[in-house]
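Visitor: could you work out the structure for the sequence below:
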Amino acid sequence: MVGHDFEFLFFFEIEASVRDPKVVDMLESLEHSCRSLRYLGNYQEI
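Guide: As a prediction, this is how the structure comes out:
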């Protein structure tokens, strides 16, 4: 929980397609290794 010693909250933005299997693998890995993961969405590709 944020506000406790040695616990942090990170936001990150990447330039990649959420349909890319490597991105899917990364998100799944983060989901399994983090206490909490919130996916906020993506921008439409131009």
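Visitor: residue 40 and residue 5, how far apart?
Guide: Distance, residue 40 to residue 5, using CB to CB, to the nearest Å: 26 Å. Placement of C-beta: from N, CA and C, glycine included.
Visitor: number of nearby residues for residue 27?
Guide: If you count neighbours by other CB atoms under 10 Å, residue 27 ends up with 14.
Visitor: residue 24: what's it in contact with?
Guide: residue 18 (CB atoms under 8 Å, 6 or more residues apart in numbering).
Visitor: in what helix or strand does it lie?
Guide: helix 21-33 (DSSP states H and E).
Visitor: same question, residue 11
Guide: Using DSSP H and E, residue 11 is not contained in any helix or strand.
Visitor: now for it, how many residues are close by?
Guide: Neighbour number of residue 11 under other CB under 10 Å is 6.
Visitor: and the closest residue to residue 39 other than its chain neighbours, what pLDDT?
Guide: For residue 39, ignoring the flanking residues on the chain, the nearest one in space by CB to CB, 6 or more residues apart in numbering is residue 27 at 6.8 Å. pLDDT for residue 27: 93.
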